[in-house]
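Undergrad: coords below, sequence missing:
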């Protein structure tokens, strides 16, 4: 199957798009205003970013920029992108634009597309907060950057651009931009159509998914499942349609790996928790728990999965089981650390999701202490590369989730950042 096929099948405006998709991609001129300052748009809303959050984000971006471009240009761009995305989590797209203009590689193009999609999804054009021409400029700039990247990187930019077009209902542009991109990137576009269909269109989409996934790649199946989860949320109150969507998901979920299946069930449980359907959410989590228990997970994978279930059970009212699962997730982490299985290089990958899960459940004190531990562990590795990645991720998570460090923790953060800078400076002096 061509990657574009699934996108076209999910589009509400399917007729005529296939011809557009084969027409090739038209080069787009650079947009003069794409890197304009947020202050250039008088309608841009004020963004409530606290001084301490800006301090953490500035420090994170500064640390990301410590990566020398040679040979760490990939690491640097990836870390810089983390800061941009944290700004979107903070509902601060103008601040995201400010950082994004300084991203050092092709991810700057991906950033413009992500920010554009955010502005559309949040209804900023409809409210007069952002001019539609501005979004068009950002997407044009992303398309200008795309040919400077190679392989999947180019496809990543174009897929994000296509998603932003899909959110705006610009289906001809979607078909043009997405033509020829890889399956793994095309799958990023599919869920964007869920918010644009009526019930009849949703049924057609589910039928199209059921027909296509039999010959689809793993990435296309995951994209189709994500689209179904979005449809599940949109049409949750339509019991009959919700049942059809759930049946499609469960019929196709075994075509993806176990961790992905569990994540899809968590997403369905989230839809149910948002609608006070706690019993349905717990039943969903029971299935996820059965699947999770069928395999042995190293802590960097198992702790986040267990913590994710724990937070959702806690929110569903099963507080006793939720707390027990949190304790088990923590015990698994400590077991692997003590056994020397979970080296410091991977500890942040377990601790950060655990902290975020505590926060999601409203257990703020436990979240703060877990963030504190993540900062300490992030400073242990002698190699500046993982330390930089870890500290950028931790600071961005704290900023995005509203966890203000106390004086002692902030001092520790700055001391760790200074040590990382010193390590990079010594390397550069050699």
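TA: Nice, thanks for sending it over. Just so it is clear, the structure is predicted and the values come from calculations on it, not from any experiment.
Undergrad: What's the first helix or strand after the lowest-mean-pLDDT helix or strand in the chain?
TA: Here the helix or strand of the chain ranked lowest by mean pLDDT, DSSP states H and E is helix 17-21, holding a mean of 43. Next helix or strand after helix 17-21 toward the C-terminus (DSSP states H and E): helix 51-64.
Undergrad: what helices or strands is the next helix or strand after that next one leaning on?
TA: Using DSSP H and E, the helix or strand that follows helix 51-64 in sequence is helix 69-89. Packing partners of helix 69-89 (3 or more Cβ pairs under 8 Å, 6 or more residues apart in numbering; DSSP states H and E): helix 51-64, helix 93-100, helix 107-121, helix 384-400. To be clear about C-beta, it is placed using only N, CA and C from the backbone, and glycine gets the same treatment.
Undergrad: What's the mean pLDDT across the first one?
TA: This means helix 51-64. Averaging pLDDT along helix 51-64 gives 98.
Undergrad: Now tell me what touches that helix from outside.
TA: With contacts defined as Cβ atoms under 8 Å, 6 or more residues apart in numbering, helix 51-64 is touched by 49, 76, 79-80, 82-83, 86-87, 90, 95, 99, 102, 388, 391-392, 395-396, 398-399, 402, 404-405, 410, 413-414, 417, 420-421.
Undergrad: are any of those residues buried, and which?
TA: 49, 76, 79-80, 82-83, 86-87, 90, 95, 99, 388, 391-392, 395-396, 398-399, 405, 410, 413, 417, 420 (16 or more other Cβ atoms under 10 Å).
Undergrad: Chain neighbours aside, what residue packs nearest to the residue nearest the centre of the chain?
TA: Nearest to the geometric centre of the chain sits residue 85, at 8.0 Å (Cα atoms, centre = their mean). Of all residues not flanking residue 85 in the chain, residue 114 sits nearest, at 6.8 Å (Cβ to Cβ, 6 or more residues apart in numbering).
Undergrad: Quick check, residue 392 in contact with residue 83.
TA: Yes - applying Cβ atoms under 8 Å as the test, residue 392 and residue 83 come out as touching, 6.9 Å apart.
Undergrad: so where's the stretch 301-430 of the chain shaky on pLDDT?
TA: Within the stretch 301-430 of the chain, the stretches with pLDDT under 70 are 430.
Undergrad: where along it do the helices fall?
TA: With helices called from DSSP state H, counting those that start in this stretch, the stretch 301-430 of the chain shows them at 319-338, 344-360, 364-378, 384-400, 407-429.
Undergrad: Contacts for the shortest one, please.
TA: Spelled out, it's helix 364-378. For helix 364-378, the external contacting residues (Cβ under 8 Å, 6+ apart) are 326, 344, 347-348, 351-352, 354-356, 358-359, 387, 390-391, 394, 397-398, 401, 403, 405, 409, 412-413, 416.
Undergrad: Filter these down to the buried ones, ChimeraX style.
TA: Restricted to buried positions by 16+ other Cβ under 10 Å, the ChimeraX selection for the contacts of helix 364-378 reads:
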select :326,344,347,348,351,352,354,355,356,358,359,387,390,391,394,397,398,401,403,405,409,412,413,416
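Undergrad: can you pull the contacts of the closest residue in space to residue 302 that isn't next to it in sequence?
TA: Spatially, and ignoring its direct neighbours in sequence, residue 302 is nearest to residue 332 (5.5 Å; Cβ to Cβ, 6+ apart). Residue 332 is in contact with 297, 299, 302-303, 306, counting by Cβ under 8 Å, 6+ apart.
Undergrad: Nice, that's everything, thank you.
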